[in-house]
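Chemist: No letters, just coordinates:
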């Protein structure tokens, strides 16, 4: 049996307030080593919240989350150590606008892992080559297109040598013609054996790259299975309805 | 000042992603500093008109009526170094206080947060002149600090609060995603603050600090009512001797005007350079 990298057990997330919002209800899932798991579902269904709770950008209300058998939801967990090992790509890129592309990619290894600047930059150049942006190393983020920025963001996350990559709707803020260049990079990454947990609305990508597809609606995991199971033979009527709407 | 083109460049600067929450309610505090000149290609834009007008008027006075005016200028100009000395040291102090105060008001630490909040409310709720005089006398009575040093400290304390608000708004203008991206890479909050948030915030608040500097230069004249023998004080002493009140105050006003106009031009140039550097 494959080793599990991420294990989410009965996770609930409630936003307290006048009218409580149950963003995630009793979600459980497992991502094995080298697996690509894609979470789909309508907006506001708690996909991003679930993803963001994996590296503790959101705090969960109850349940447990394990990464490599270490419980990250435990209060005494050194989340910084875990985050070094979990790369994250955001919908809005969140590149550092005051740093050049090369500095964006190399800042974390230099500051967090204390790798010497020369080595970090050499490695960053390699990563930029890998995402096809070596010639933009000295540009600033605002000089790049959205697709290029997102590819830099992927390179930045990879610079920490993570074993897991989280993608939070990486193509949702992009113009249609730029989506492909980002998906291509992600597809390559998936083929190289990276463990990936992805929230996306790109069904074509989910079908092509995913080992497992998870459908979420109003905070609950409704259905999970291989792409062909979920897309071609959806069991739940809610999944069917969602797929009918978008396909 | 609300709808100046500055706002456009400001939002461009801070909002990297179109989907980040709108920061419409965050404005950098503007004080009563002179307007920082905008790029205006006309030969006689308002800055040049005012500046030339002031210079020409002063020159005319000196050339055609040197009898009282040359003397007045000599006396008043001897106060310029004092004004600058007081302003420069006070602004250094205010920046330090402002940095701590601004960091305090964005900090999650309850007590720090409350302290800086109370400090800002307190200072902003009392007229500047009243505070200056109060702190000045308090310093003299309790710490036996007097003269220039006391003036500098009281100005630093007063303007530190305004500076703190500038720092706070600069930090809060940085989209939340920047902090998230930094800590998702494994940085600690303080590392993220030093490497990611502050450098961006500094860029946003520098023009406001420049403005504050001009403001402080003008308000240093308030201190002359108690201690400093600056431009205004020298002028008033001269009036006391000669009763040439109108003439003296005209020269005093022109000196302040020329200095602040030059400084505002400098701040404008600095801002332009910052914007052109991405």
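Modeler: Noted; the coordinates are in hand. Note that the structure is predicted; figures quoted are calculated from it, not measured. Numbers count the residues shown, from 1 in each chain, chains lettered A, B, ... in the order given.

Chemist: only C-alpha atoms for contact and neighbour calcs from this point on.
Modeler: Noted.

Chemist: Next, count neighbours for the closest residue to chain A within chain B.
Modeler: With Cα to the nearest Cα as the measure, residue B:186 is the residue of chain B nearest to chain A, at 4.6 Å. Residues contacting residue B:186 under the criterion other Cα atoms under 10 Å in any protein chain shown number 26.

Chemist: if I look at it, how far off is residue A:86?
Modeler: Between residue B:186 and residue A:86 the distance, using Cα to Cα, to the nearest Å, works out to 9 Å.

Chemist: Residue A:236 reaches residue A:221, doesn't it?
Modeler: No. Residue A:236 lies out of contact with residue A:221 (Cα atoms under 8 Å); the separation is 11.0 Å.

Chemist: neighbour-wise, which of the two wins?
Modeler: A side-by-side neighbour count of residue A:236 and residue A:221, using other Cα under 10 Å, places residue A:221 first with 22 against 12.

Chemist: Report pLDDT for that one.
Modeler: Each residue has a pLDDT score; the one for residue A:221 is 94.

Chemist: quick one, phi psi at it?
Modeler: Residue A:221 has phi and psi values of phi -80, psi 110 when expressed as degrees, to the nearest 10.

Chemist: Pull the contacting residues for it.
Modeler: For residue A:221, the residues meeting the contact criterion (Cα atoms under 8 Å, 6 or more residues apart in numbering or on different chains) are A:27-28, A:214-215.

Chemist: Look up how far residue A:56 lies from it.
Modeler: Distance of residue A:221 to residue A:56, computed by Cα to Cα: 20 Å.

Chemist: same question, residue B:188
Modeler: Counting by Cα to Cα, the gap from residue B:188 to residue A:56 is 13 Å.

Chemist: Between these two, which has more neighbouring residues?
Modeler: Of the pair residue B:188 and residue A:56, residue A:56 is the one with more neighbours under other Cα under 10 Å, namely 20 against 16.

Chemist: so that one makes contact with residue A:79?
Modeler: Yes. Residue A:56 sits in contact with residue A:79 when judged by Cα under 8 Å, with a separation of 7.4 Å.

Chemist: overlap in contacts of those two?
Modeler: Residues touching both residue A:56 and residue A:79 (Cα under 8 Å, 6+ apart): residue A:72.

Chemist: Just the strands from chain A, written as ranges.
Modeler: A:4-15, A:21-32, A:36-40, A:62-67, A:70-71, A:86-89, A:164-168, A:195-199, A:212-217, A:220-225 (DSSP state E).

Chemist: Kindly reformat the ones you listed as CSV containing distance to residue B:238.
Modeler: What follows is the strands of chain A, written out as CSV (distance: least, Cα to Cα, whole Å):
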stretch, distance to residue B:238
strand A:4-15, 69
strand A:21-32, 72
strand A:36-40, 80
strand A:62-67, 77
strand A:70-71, 78
strand A:86-89, 68
strand A:164-168, 71
strand A:195-199, 76
strand A:212-217, 81
strand A:220-225, 82
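
Chemist: where are the low-confidence patches of chain A?
Modeler: A:1, A:247 (pLDDT under 70).

Chemist: Help me see whether the helix ranked longest in chain B makes contact with chain A, please.
Modeler: In terms of residue count, the longest helix belonging to chain B (DSSP state H) is helix B:245-276. No. Where contact is defined by Cα under 8 Å from any Cα of the partner chain, no part of helix B:245-276 touches chain A; the two come within 11.1 Å at best.

Chemist: and residue B:226, that's in a strand?
Modeler: No. Assessed with DSSP: H, G, I helix; E, B strand; the rest coil, residue B:226 is coil; it does not lie in a strand.

Chemist: Would you list the phi and psi of it?
Modeler: Taking degrees, to the nearest 10, you get phi -110, psi -40 for the backbone angles of residue B:226.

Chemist: Who are the contact partners of it?
Modeler: residue B:133.

Chemist: Could I get the pLDDT score of it?
Modeler: What the model reports for residue B:226 is a pLDDT of 77.

Chemist: Could you check how far residue A:117 is from chain B?
Modeler: 15 Å (Cα to the nearest Cα, to the nearest Å).

Chemist: tally of neighbours for the closest residue in space to that residue that isn't next to it in sequence?
Modeler: Leaving aside its chain neighbours, residue A:117 sits nearest to residue A:110 (6.0 Å; criterion: Cα to Cα, 6 or more residues apart in numbering or on different chains). Burial measure for residue A:110: 18 neighbouring residues, criterion other Cα under 10 Å.

Chemist: Understood, closing this out.
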